[in-house]
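> Please find the sequence and the predicted model below.
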Amino acid sequence: MTTELSPAPRFRRLKSALTPVLLVAAVGALIAALLLPSPFKKRSKPIIDSPSGFSIPVPDFTLTERSGKPVARADLLGKVWVASFVFTRCTGPCPSVSATMAKLQADLDLAHSDDLRLVTFTVDPGRDGPKELRAYADNFRADPTRWLFVTGPEPELRKLINGGFKLLAVPSNLPNPVEGQEIDHSSKLAVVDKLGNMRGAFDGYRGPNDEGGVSYAEGQQKLRELVAELRK
């Protein structure tokens, strides 16, 4: 005859068997709570917080500055720099973009900021040599050593701007573009950190649909805040 166990002894046996398992689970949960971030706990702000939320390594380059001297990516390491992309004959947004850079030169006190540079890349290197860039730079009273204007072989510049900065610089697709508008290019200003990584891109030009210039002003404020953070 088989003797059935009463519910009480069976419960006690089950409880005895589960006790070590429950103890291990409880200890594991305690350790996880101490070491892992809680989804309800506010995470600490990263050391460098880019408003644009990305970091792209700028490829190596060696180009020619308006002075005739070479400028390489390595020369800018250890400095925060802001890049613009224009051409000297441009009748589109380029003058406004360069005026924005000139304002940054003053607002960021570039003359007394050894860890800061402005760099303007021509998107029309076939026509913009050092001579043309010198004349253009003089129109904006660009600091001769801290606001750089660079040119170089067209394939290298196209690859750097389109592939490296992920910004546009291509010949116009119009059959007969108006003089001064032969190149379609970005009017963004790129901010690069001291390690040579692009950390943000902001409008350098107030577009026609930006009523009151609100978007442009907000972007410029974010640019200044990012530059200040990256310089620390």
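Yep, it's here.
> Mind listing what's buried along stretch 64-78?
Under the neighbour-count criterion of 16 or more other Cβ atoms under 10 Å, stretch 64-78 has Thr64, Glu65, Arg66, Val71, Arg73, Leu76 buried. (C-beta placed from N, C-alpha, C; glycine too.)
> Reformat those residues as JSON lines; add secondary structure, pLDDT and distance to Pro125.
Shown next, in JSON lines, are the buried residues of stretch 64-78 (DSSP: H, G, I helix; E, B strand; the rest coil; pLDDT from 0 to 100; distance: Cβ to Cβ, whole Å):
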{"residue": "Thr64", "secondary structure": "strand", "pLDDT": "98", "distance to Pro125": "9"}
{"residue": "Glu65", "secondary structure": "strand", "pLDDT": "98", "distance to Pro125": "13"}
{"residue": "Arg66", "secondary structure": "coil", "pLDDT": "98", "distance to Pro125": "12"}
{"residue": "Val71", "secondary structure": "strand", "pLDDT": "98", "distance to Pro125": "14"}
{"residue": "Arg73", "secondary structure": "helix", "pLDDT": "98", "distance to Pro125": "17"}
{"residue": "Leu76", "secondary structure": "helix", "pLDDT": "98", "distance to Pro125": "19"}
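> got a list of what the closest residue to Thr62 other than its chain neighbours touches?
Of all residues not flanking Thr62 in the chain, Ala72 sits nearest, at 4.4 Å (Cβ to Cβ, 6 or more residues apart in numbering). Neighbour list for Ala72: Asp60, Phe61, Thr62, Leu63 [criterion: Cβ atoms under 8 Å, 6 or more residues apart in numbering].
> ok, back up a step: okay if I get the buried residues of stretch 64-78 as TSV plus distance to Asp107?
As requested, those are exported to TSV (distance: Cβ to Cβ, whole Å):
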residue	distance to Asp107
Thr64	28
Glu65	23
Arg66	23
Val71	23
Arg73	25
Leu76	20
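> Among those residues, which pair sits farthest apart?
With Cβ to Cβ as the measure, no two of the buried residues of stretch 64-78 lie farther apart than Arg66 and Arg73, at 17.8 Å.
> burial of the closest residue to Pro59 other than its chain neighbours, as a residue count?
Leaving out its chain neighbours, the residue that sits closest to Pro59 by Cβ to Cβ, 6+ apart is Gly164, at 4.3 Å. Using other Cβ atoms under 10 Å, Gly164 has 18 other residues around it.
> What of Leu174?
10.
> Got the phi and psi for it?
Dihedral pair for Leu174: phi -80, psi 140, per degrees, to the nearest 10.
> likewise Asp107?
Torsion angles, degrees, to the nearest 10, at Asp107: phi -60, psi -40.
> next one: Lys194
Backbone geometry at Lys194, expressed as degrees, to the nearest 10, gives phi -70, psi -10.
> That one contacts Asp115, correct?
Yes. Lys194 is within contact range of Asp115, at 7.5 Å (criterion: Cβ atoms under 8 Å).
> More neighbours: these two, which one.
Per other Cβ under 10 Å, whichever of Lys194 and Asp115 has more neighbours is Lys194, with 14 against 11.
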